[in-house]
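K.L.:
got a predicted structure here, sequence first:
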Amino acid sequence: MVGEKDNISLVDEYRQLQKKVLNNSLDEAANADPGPRLDAIYARIVSRPVVDIRAALEKLWFAHHCLTEEDDFKEAGNLIYQVCIALEAMSRKAPDDANVA
């Protein structure tokens, strides 16, 4: 899933903003607290439905970020669960011959 900024994925946008916050390199013009923007991106990633492989990959990449950068096992587990449920539903809708390897 692509964000509104320069075709950057929401996960990459979240990471970039978080890096800026951690490095204290926010522009003087952007003095506003970045917390609400981070929260909004986070909420969009978590709440978006998994309707295709691209959406599943975005959630899995964010789960990876949650595990490796934030040590947030609960959210990573939630994201992985969402992907599993969606992929299971997609596989039920697929023709039988698509499930054969």
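P.N.:
In hand now; what should we look at?
K.L.:
in this structure, which helix or strand is least confident?
P.N.:
For the chain, counting by mean pLDDT, DSSP states H and E, helix 10-22 ranks last in confidence among helices and strands (a mean of 88).
K.L.:
from the middle of its chain, how far away would that one be?
P.N.:
Centre-to-centre, helix 10-22 and its host chain are 12 Å apart (Cα atoms, centre = their mean, to the nearest Å).
K.L.:
same for it, what does it pack against?
P.N.:
Packed against helix 10-22 by the contact rule (3 or more Cβ pairs under 8 Å, 6 or more residues apart in numbering; DSSP states H and E) you find helix 35-47, helix 53-69. Any C-beta I mention is one placed from the backbone N, CA and C, and that applies to glycine too.
K.L.:
just name the most buried of these.
P.N.:
helix 53-69 (a mean of 17; mean count of other Cβ atoms under 10 Å).
K.L.:
and the contacts of the lengthiest helix in the chain?
P.N.:
Under DSSP state H, the helix in the chain containing the largest number of residues is helix 73-93. Helix 73-93 is contacted by residues 46, 49-51, 55-56, 59-60, 62-64, 66-67, 99 when judged by Cβ atoms under 8 Å, 6 or more residues apart in numbering.
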